[in-house]
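1. Here's my sequence, what's the structure:
(2 chains)
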Amino acid sequence: MTWLKQLFRRQKLFSDLDEEIQQHLAEKTEALIAEGVSREDAERAAKREFGNVTSIQERSREAWIWPLAESLWSDTKLAIRQLRKNFGFALTAIGTLALGIGATAAIFSLVNTVLLRPLPFPEQDRLMWLAQQDHSLPGAVSESLSYPDYFDWRAQSHTFSGIASYNGDGVTLESEGGSERLDAQTVSANLFQVLGVAPMLGRDFRWEDEKPGNRTVMLSYSLWQSTFGAAKDIVGKTIRMDEHAYTVAGVMPKGFQFPLENPAPALWLSLARDADGKEPKTGQRGFDVLEVVGRLKPGVTAEQAKADLSLIAGNLARQYPDNNKHFTSALVEQELQHLTGDTRPALRVLFGAVTLVLLIVCANVAGLLLARGARRSGEFALRAALGASRAAIIRQLLVEALTISLCGGAAGVALAYGLVHASLRLVPLEIPRMETASIDGSVLLFDVLLSLITGLLFGMLPAWRMSQLTPAQSLRGGSRGVAGGRGQSGIHNGLVVAQTVIGLVLLVSAGLLMRSFVHILNVDPGFDPKRVLTVRIGVSFDKLNHDQRFQFYQRLLARVSSLPGVQSASSGWPLPMSNSNVTISFGIEGRPLAKGDEPNESLSVAMPGYFETMRIPLVSGRTFDERDGTKGAPTIIINRAFANKYFPGENPVGKHIQARLGDEVFEHPVREIIGVVGDIKQKQLTSDAEPQYYLPYAQAVVTNPPLVIRSSGDPAVVQGAIRAAVHEMDPSVPVYHVSTLQDNISKSAAQPRFQAFLLTCFAAVALTLAAMGLYGLLSYMVVQRSLEIGVRMALGAQRTDVLGWIVRRGLSLALIGVTLGLAISAVVTRVLAGMLYSIRPTDPVTFAVTTGLLLLVSVAASSVPAYRAARMDPIKALREQ
Amino acid sequence: MSAPKNTEQRDLFRGALEMMVLRTVLREPMHGYALVQHIKQRSNELLQVEEGSLYPALQRLLKEGLLKAEWEISASNRRVRTYRITPAGKKHLEREIVSFERMLEGIALVLAPAES
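-> Numbers count the residues shown, from 1 in each chain, chains lettered A, B, ... in the order given. The predicted structure follows:
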C-alpha cells in the first residue's frame, strides 16, 4: 500500500474514531437520563467517566501513525503560525541568529578554504615540503637547497617516488608589441609528474630539458589564453625571454597553479636556464635557493622519509663542509601544512572568537524565548490540562526553537555570502588560497548543522522550564505573577551574566589586538617611507657587461633625479618588506675561521644616495659615493646591529671584512668598512632589527636593484615620467612592480589589521547583544513586577528609588559577569600571545578600558527600563492587576 | 497530563485489557459502549476502567488485524461500530490465555503458604 493511500485510509479511520466516541458519549448520556439523572448532569457524568476525550483520541490515533514524524509536522505548522503571530519577536530572534550563524559560517568558509580543503593534486597527502635544517643556530632553522644538494637528494633517496625543485623568478617576455614582465618558476623536469598533473596540451618536461642549451617552457592556461590567443599550434614553437629562445613544451590545464601563492606563476621554465654559463647555478653548492617538494612512495611515513633524507644530508655535510657543514638533517612536512602553517593560529583565534559570538547569540535568544515562554505559561498550562503530554510540550517548544534557528540559518547564509565577498577585499592576499573562498556545499552543510545545534542549545532550557510547570499553578497564577518563578529568573539572570562574561572576553581580546595593531603602525621602520616610489626594471644581464650595467643605472638615476617633482633617486636591493632576503657568509680580518664556520648576515647592495633617499641615518663614517665605483677600492657599510654584534665597544670604521659574494670583476675582495648606518625593519614591522651589511652596487653587480624615488608631491605623479625616462634609454627594458614604500609597509601590516578588524567587529556584535540581553531581562522584570513597583511607590518610594533599584539590579548582574569575565580573559588571552606585538596578553590598560566600556554600556542598557519603571503611574499599575 | 500514568496503574499487566476485549467479542460481536459495560459488569465492577481508555486498545487491535470493525444499526436503532474477532485474533487470544494461566499459576505458587 502506498503511503498516499494509507494517508486517505487514515483520514477515514480518524473520522470513524471521532464519530464512535461521540456515539459512546451520547449512548452513555441517554442511559443515565433513563436512570433519572437530569440531562445536564448526565452529560457531565458521561464525560467524566469517559476521561479526557482529546487525550484518548490522540492516543488512539497513535496506533496508526508514525507518531514522531507527523507530530513534528503539525508542531512545525503550529510553530510557523506562532511566529507569524509574534512577528516582532520572530524578527528579533531570527535577526540575532542570522548574525551569529552568518558570521560563523563566513569564518568557517575561510577556515575551510585555507586550512581544511585538500590541495588540488591527486593523493595530496603524500606531497611533502622538504628542506634541510641548519644546526649552526639555536633550534633547527630550515634552509633551502642548492642544485647539487637537490640532485644528490633526488638520486639517493629511496622513500620518494619523486622529488622536484622549484624557484621563483621574474622573466621578460619579448613580443612584437613590446616586452612583458611575468612571474615564472624555474622547475625540475619532474615537477608536474610529482604533483600528478599532466599538461592539457603538448608534452611534459623531460630530463633532457634540464641540460644546458635545452631551454624549455610550460605555459599556464591563463597566459596561453591572454598572450598567445589560445593557439593550439603554440606547442613546439619558440618564444624569446630575457634574450634567450625557449621551446614551448605544452600548456597546463585551466586552474593549475604551483606553488600556491600570490602572484600565481604565468609559466614554468626548465632547469636548463640555470645550467648555462661559465659558472652555472646548477653547479654551486652554496647557492641555497631551491624549494623542494616530494611525493612519498605509497606506505612510507613522513618519519621514514625524514630519516632517509637526514642520512643523505649528514653525508653531504661531511663530504662538503665548506657549504654544508651545519646542514645535517632534513625537514619533511606535509605540503598543505607548510602552505597554511603561518595562518593556522590566526584563523583558529578567529574561529574561536566567532564561536563565542554564537554562544552569546544562543544565550540571547534563549533569554528571549524564556521571557516569551513566561508570557505563554498560561497557554501551555491549558494545553497540558487538555491532555498534552510533557513530551509533547517539550517537542513543540523545541520545534519552535528549531524553526527559528533554521530561519536564522537561512538568513545567515545570505549574510555569510556578503561577508565572505566583503572580507576578500580586506584580506591580505598573502594568505594562500584565500581568494578562492566561497559559500560551497560544505559551508551550507555546516550552516544547517550549526542552525540545528544552536536551535537545540537555546531551545532546550526554555522547553525544560515550561515542561516543569504544573498546569493548575500556572492557570491560577495567570500570566502576570507578582514575580516570575524564582527558578525562572535565576536562569534568565544566569544567561545575562554568561553573555556579559563572553562579551568581556571578546572585548578584551579585540582591545589587545587593536592596541597591538596601533603599536605596529607606530613602529619606527628606521627609514622614511613617505612619498617614496619603488620601481623595478628589467635590465638585461647578458647584453650589458659588468661596468655597462652599473653605468646604465648611473645614467638612469641622473636622468630620473633631474625630473620635475623628484627630490632624489637611487637604487638598492632588497627593499624593506619586499620578502626578498639573502644571507651571505663573511670573514672578519684578524679573526680566522674555517669557511664552514663563518657567520652569515643579510646582504644588501646600494647605489650612491640610497641612504639619503631612504632617509636611513648615518651613525658614523660616510655613505657610498662616486669613490666606491667600479675602479675604486672595495668598500662596505654595516648597520648598527651588525656593529654591536661583531664590534662591540670598538669603532668598526676602518676595519676589514671579506664578504663571500662577488661578481665577475670583484670576486671576493677584502672590503674596508667606511660607515655605520641605522637599523631598519627589513622583513616586517614587528621583527627585531637584524645585522645587515651593504655593498656598493658598482662592486657587486648582482640582481636588478629596484629604483627608489623620493618625490616632493604625490609619488604617483612622477610614475609616467620615470617610465618614459627608462624607455628613452632602452625601450626593451620593462618597468614593473611600481609601488610605494608606504604600500609595502601597509601590506606588511595587513594581517594584523585584518585580525584586529574582524575581532573588533565580533566584539561590537557581542557588546550589542550583551546589552540587548540585559535590557531585555530588565524590561521583562519591570513588566513582571509592575505590581510590586506600584505597591512600593504607593507606600512612598520615590521615583529615584525605583530608578536606582532597577539600575542597581542591572549593574550587579554586569559586575558578576565582569568579575568572571576578567578572570577568564586573563587565561584565554594567552592564546593571543603570538599575535600580539609589544603588548602583554594581560595588558592592564586594555583590561581596564574594556571593563569600563562594558559597565558603561550595561548602565545605559539598564537605564531605559529603569526610567520606564520610574515613570510608571502606581495607580494604573495597581488597577491593571 | 495525568492520564497515562493512571491507566498504567489500573492495568493489571500489559495486554490485559486487550485480552478481555478479544475474549468478549469472541463470544459475541459488540460495539465500544457495550464492551465497556460488559467488562465492567462481568468483573463485578472490580475493574474501574476509564471508559475512554478502551479506544486506544481497540485501535491497536484493529491495526494488528486481530479485530475488524463495521458500522451497523443496533437493536436500539443507533449507528454503532461493531467489532468482530478475526481468525488471527482467535489464535492470539488462545496464546495469551495460555501464557496468562501460566503466569497466574506462578504467582499462586509464590503466594501460597510455604509447605515445610
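2. what does the helix or strand hosting B:Glu105 rub up against?
-> Counting by DSSP states H and E, the element that carries B:Glu105 is helix B:87-111. Helix B:87-111 is contacted by residues B:13, B:15, B:18-19, B:22-23, B:26, B:61, B:64-67, B:85 when judged by Cβ atoms under 8 Å, 6 or more residues apart in numbering or on different chains. For glycine as for every other residue, the C-beta is placed from the backbone atoms N, C-alpha and C.
3. Equivalent analysis for stretch B:50-59, please.
-> By Cβ under 8 Å, 6+ apart, the list of residues contacting stretch B:50-59 from outside reads A:13, A:17, A:20-21, A:24, A:28, A:49-53, A:56-57, A:59-64, B:6-7, B:10, B:17-18, B:21, B:32-33, B:35-36, B:67, B:69, B:83.
4. Can you tell me which of the contacts of helix B:87-111 comes closest to A:Tyr417?
-> Taking Cβ to Cβ as the measure, A:Tyr417 sits nearest to B:Glu64 out of these, at 52.6 Å.
5. tell me the contacts of the closest one?
-> Residues B:88, B:92 are the ones in contact with B:Glu64 under the rule Cβ under 8 Å, 6+ apart.
6. B:Trp71 now?
-> B:Trp71 sits next to A:16, B:79-82 when contact means Cβ under 8 Å, 6+ apart.
7. mind running it again at 6 Å?
-> B:Arg81 (Cβ atoms under 6 Å, 6 or more residues apart in numbering or on different chains).
8. Provide the secondary structure category for it.
-> Applying DSSP: H, G, I helix; E, B strand; the rest coil to B:Trp71 yields a three-state assignment of strand.
9. buried sites along stretch A:830-845?
-> Neighbour counts over stretch A:830-845 (16 or more other Cβ atoms under 10 Å in any protein chain shown) mark A:832, A:835-837, A:839, A:841-843 as buried.
10. end to end, how far does it reach?
-> The distance separating the two terminal residues of stretch A:830-845, taken as Cα to Cα, to the nearest Å, comes to 16 Å.
11. Show me what it is in contact with.
-> Outside stretch A:830-845, the residues within contact range by Cβ under 6 Å, 6+ apart are A:345, A:512, A:515-516, A:519-520, A:686, A:826, A:829.
12. same thing but 8 Å
-> Here stretch A:830-845 has contacts from A:345-346, A:349, A:352, A:509, A:512-513, A:515-516, A:519-520, A:685-686, A:752, A:755, A:826, A:829, A:846, using Cβ under 8 Å, 6+ apart.
13. and stretch B:28-48, what's its mean pLDDT?
-> Stretch B:28-48 shows a mean pLDDT of 80 in the predicted model.
14. That one vs chain A: in contact?
-> Yes - applying Cβ under 8 Å from any Cβ of the partner chain, one finds stretch B:28-48 in contact with chain A at B:31-33, B:36.
15. Residues contacting that stretch, please?
-> Taking Cβ under 8 Å, 6+ apart as the criterion, the residues outside stretch B:28-48 that touch it are A:20-21, A:23-24, A:27-28, B:10, B:20-21, B:24-25, B:49, B:51, B:54-55, B:58, B:72, B:74, B:80-85.
16. Might you specify the subset of the residues of stretch B:28-48 next to chain A located within helices?
-> Among the residues of stretch B:28-48 next to chain A, the members found in helices (DSSP state H) are B:32-33, B:36.
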